[in-house]
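J.: Starting from these lines, generate the structure:
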Amino acid sequence: MNTLYPRYPRTPHLPGSPGATADDERADWETFVPEAGARIVMTMKMDGENTTVHRDGMYARSPSGRSRPWQDEMRAYAATFRADIPPGWFVCGENLTVTHSLRYTRPLPRFMVFSIWAGDTCLPWTDTVEWAELLGLATVPVLYQGPRRDPAALHRIFESSTDTDHDEGYVVRDAAAFTRRQFARRVTKWVRPGHVTTGRSWPLQAAP
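T.: Predicted coordinates for the structure are as follows:
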């Protein structure tokens with residue numbers, strides 16, 4: 001792993017997530033954010049390209065990945081705010097400048113933040129929102145904030161507040177700060193059944 005520019009961790013699936021494949025990791029709900037009184041944040045899982053922006057540039061998920069032509073618009077957009085990112089920090093979010101598996105009909109920002117890292121530590125959600133605002137960036141939509149709840153209750157929130165036929169799913173994270181080593185027990189996701197995993201041709205589609 002590049003210790004200067006780390007790869008974004010794999011997010012394990014919630015128990016029962018129908019979009020999980022045989023190669024995906026599963027979260028252990030019994031050990032997920034287990035502290036008494038812990039609070040969680042549930043956000044919409046946006047269907048874009050996982051992108052990390054830092055003071056000196058950007059990359060999609062892995063710093064070792066090659067730059068692609070479809071990333072040019074995102075790269076130009078990142079250049080408008082990355083100089084304001086503190087050294088050693090990483091702003092992570094979804095690049096929505098091109099269509100992935102879902103063609104959104106509603107207008108969306110070009111980039112939506114889901115986490116900000118100060119070195120090896122993911123900022124608390126409140127700090128993430130504050131820093132995103134300072135950088136002039138949008139955050140992914142929040143569906144729930146509050147005490148840890150069971151997966152069935154969280155899924156009912158998703159079903160009642162989103163278009164389950166067209167939205168990819170949701171992400172649940174610890175509202176507090178956590179380290180990269182703790183990631184698997186602090187972040188998890190639910191992905192809709194039949195969600196298409198597009199191949200290399202996906203960025204050639206029209207932008208949303």
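
J.: only C-alpha atoms for contact and neighbour calcs from this point on.
T.: Will do.

J.: does residue 110 really touch residue 93, like I thought?
T.: No: Residue 110 lies out of contact with residue 93 (C-alpha atoms under 8 Å); the separation is 10.1 Å.

J.: ok, those two, which is more surrounded?
T.: Legend: neighbour count by other C-alpha atoms under 10 Å for residue 110 and residue 93, higher for residue 93 (24 against 19).

J.: That one in helix, strand or coil?
T.: Following DSSP: H, G, I helix; E, B strand; the rest coil, residue 93 is assigned to strand.

J.: So it is in contact with residue 52, correct?
T.: Yes: using C-alpha under 8 Å, residue 93 is in contact with residue 52, at 6.6 Å.

J.: middle-most residue in this protein, spatially?
T.: For the chain, residue 114 is the residue whose C-alpha lies nearest the centre (C-alpha atoms, centre = their mean; 4.5 Å).

J.: got the residue ranges for the strands in this protein?
T.: For the chain, the strands defined by DSSP state E occupy 39-45, 49-54, 57-60, 89-95, 111-118, 121-122, 138-139, 142-147, 169-174, 178-179, 187-191.

J.: Just put the ones you listed in TSV and tack on distance to residue 31.
T.: As requested, the strands of the chain are arranged in TSV below (distance: least, C-alpha to C-alpha, whole Å):
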stretch	distance to residue 31
strand 39-45	14
strand 49-54	26
strand 57-60	29
strand 89-95	25
strand 111-118	21
strand 121-122	19
strand 138-139	27
strand 142-147	15
strand 169-174	12
strand 178-179	14
strand 187-191	11
